[in-house]
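[1] Sequence and computational prediction follow.
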Amino acid sequence: MIDLEAARARVLEGCAALAPVRVPLAGAAGLVLAESVVSDQFLPPFANTAVDGYAVRAADVAGATADRPVRLAVIETIAAGAAADRPVGPGEAMRIMTGAPIPAGADAVVMVEDTDAAAHGEQVEIRRAVSAGDAVRPAGDDVRPGAVLFGPGDVLSPAHLGVLASLGRTDVLAHPRPRVGVISTGDELVEGPVALLPGQIRDSNRITLLALVEAAGAIGVDLGLVRDDEDLIRAAFVAAAAGCDAIISSGGVSMGEFDFVKRVLDEVGRMNWMQVAIRPAKPLAFGTIDGTPVFGLPGNPVSSMVSFELFARPGLRRLAGHGDARLVRPTVRATTAEPLRRGPDGKTHFVRVVADNVEGRYVVRSAGGQGSHQLAVMAAADALVVLPDGDGVPAGADVQVLLLG
């Protein structure tokens, strides 16, 4: 057997970041940036007001209070997107809306709540003194020309995209989302509400893995269900390698198993067939077809999902350009609410649990049966407890937990 980290290292070695492409901002959230972004302008581009109110000369209202207001002549109204026609002079004010440019002559803004324009015609009463700069957002207050804002390896968040849009950018150079083909093979598999013949089961892995691919930020490509025919399987994998950035299949990866998929992959690809020291998900195949990574995951549904989390998700992360391509799910420490028993077998066990946050500390309990076929238990779980080799842990033990929710 091979240990978990060594198996994952083999996977990551075979997954190189996809070449960067120009991506419209609207589709770039979550992508990894592949260029430096340097500002060529001021943000905001002009001094503007942070509030609705009146643009004034601070010296004109220096002594204003609620009891002794200062009355100024209102000479103009400035809406957002407009500019004043003239400067503010002594004893004058301009009504101004949030985001509108500060007019020449003014150096502060009085919030509308601190004024009274009612019954004063073309004048306003200022009921609070302000200092120069109050409620004024200077040009370049956020970004100045020459500032290096982002660089290669940064993950583009909505805020990143907002900054880029503010600079007038419409696209960005980034690593694209990997297109990941998911295929199911086997004469025993059927789809939909058809009656099952003896020995048949419904294919659940493909829909599950496609959803996991999408949740990982990649693009799932449904390659369908292929019968146990070497020519059909060969054609499906070769076509997938030409049209996708990665391929995921499930089943047929146990050592020594007579399987059409294994035979075909050994013929058209360069594969590693591994037995990883974990439970579930011990069997794993990984390799390439013409440079396209291929993940051969176990066939049991829970094993398939756990194997995806431990190997395929980090591999897809590397393809997407992430420098840190280890486990993507957050890991925390938690306390067991009940004993989690196991037997020594030389493997690390991943136990399906439900995790509750109790006063800032996670407390975990078993989600139910731990069989690799028990998909309903996996659906109830939102975390995996990492149990080292041994007899397990008692209630109240401190354990490492991989959060799935």
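    Alright, I've got the coordinates.

[2] quick one: contacts for residue 36?
    Applying Cβ atoms under 8 Å, 6 or more residues apart in numbering, we find residue 36 in contact with 148, 150-152. C-beta coordinates here come from the backbone N, C-alpha and C atoms, glycine included.

[3] Repeat that for residue 367.
    Here residue 367 is in contact with 352-354, 377-378, 380-381 (Cβ under 8 Å, 6+ apart).

[4] Could you check how far it is from residue 404?
    Per Cβ to Cβ, to the nearest Å, residue 367 is found 11 Å from residue 404.

[5] Overlap of the contact sets of those two?
    Here residue 367 and residue 404 have residue 381 as joint contacts, going by Cβ under 8 Å, 6+ apart.

[6] Rounded mean pLDDT for the lengthiest strand in the chain, please.
    Secondary structure of the chain per DSSP state E: the longest strand is strand 348-358. When pLDDT is averaged along strand 348-358, the result is 96.

[7] Mind listing the strands that strand pairs with, and their directions?
    According to DSSP bridges, strand 348-358 forms sheet pairs with strand 278-279 (parallel), strand 361-366 (antiparallel), strand 383-387 (antiparallel).

[8] and the longest one, how far from the chain's centre?
    Read that as strand 361-366. 25 Å (Cα atoms, centre = their mean, to the nearest Å).

[9] Could you pull out the buried residues of it?
    For strand 361-366, the neighbour count (16 or more other Cβ atoms under 10 Å) marks 362-364, 366 as buried.

[10] For it, which outside residues touch it?
    With contacts defined as Cβ under 8 Å, 6+ apart, strand 361-366 is touched by 332-338, 340, 351-357, 383, 385, 399, 401.

[11] Are any of those residues buried, and if so which?
    Burial by neighbour count, 16+ other Cβ under 10 Å: within the contacts of strand 361-366 this picks out 334, 336-337, 340, 351-355, 383, 385, 399, 401.

[12] so, if you compare these, which one comes nearest to residue 227?
    Nearest to residue 227, judged by Cβ to Cβ, of the buried ones among the contacts of strand 361-366 is residue 352 at 32.2 Å.

[13] For the closest one, give me its contacts.
    302, 366-368, 370, 377-378, 380-381, 383-384.

[14] make it 10 Å
    Shown in contact with residue 352 (Cβ atoms under 10 Å, 6 or more residues apart in numbering): 280, 302, 305-306, 364, 366-371, 374, 377-385, 404.

[15] again with residue 106
    47, 49, 54-58, 60, 78, 84, 87-89, 92-94, 96, 132, 136.

[16] Of those residues, which belong to strands?
    Among those, the members found in strands (DSSP E) are 49, 54-56, 78, 92-94, 96, 136.

[17] Now residue 181. Its backbone dihedrals?
    phi -80, psi 140 (degrees, to the nearest 10).

[18] Quick check: it touching residue 226?
    No - the pair residue 181 and residue 226 fails to qualify as a contact (Cβ atoms under 10 Å) at a distance of 11.5 Å.

[19] neighbour-wise, which of the two wins?
    Of the pair residue 181 and residue 226, residue 181 is the one with more neighbours under other Cβ atoms under 10 Å, namely 26 against 21.

[20] For the more buried one, give its distance to residue 155.
    Computed as Cβ to Cβ, the residue 181 to residue 155 distance reads 25 Å.

[21] Please apply the same query to residue 351.
    Computed as Cβ to Cβ, the residue 351 to residue 155 distance reads 31 Å.

[22] same thing with residue 83?
    In terms of Cβ to Cβ, residue 83 sits 38 Å off from residue 155.

[23] who's more crowded, these two?
    Legend: neighbour count by other Cβ under 10 Å for residue 83 and residue 155, higher for residue 155 (16 against 12).

[24] Now list the buried members of the contacts of residue 36.
    The neighbour-count test (16+ other Cβ under 10 Å) marks 150, 152 as buried among the contacts of residue 36.

[25] Could you double-check that residue 32 lies in contact with residue 160?
    No - Residue 32 lies out of contact with residue 160 (Cβ under 10 Å); the separation is 11.1 Å.

[26] Mind checking which of those two has more residues around it?
    residue 32 (23 against 20).

[27] show me the residues around residue 267 that make contact.
    230, 234, 237 are the contacts of residue 267 under Cβ under 10 Å, 6+ apart.

[28] quick one on the thing from earlier: shared neighbours of residue 32 and residue 160, anything?
    Common neighbours of residue 32 and residue 160 (Cβ under 10 Å, 6+ apart) are residue 154.

[29] Check the ones in strands among the contacts of residue 106 and tell me the two furthest apart.
    Among the ones in strands among the contacts of residue 106, 92 and 136 lie farthest apart (Cβ to Cβ), at 16.9 Å.

[30] Done for today, thanks.
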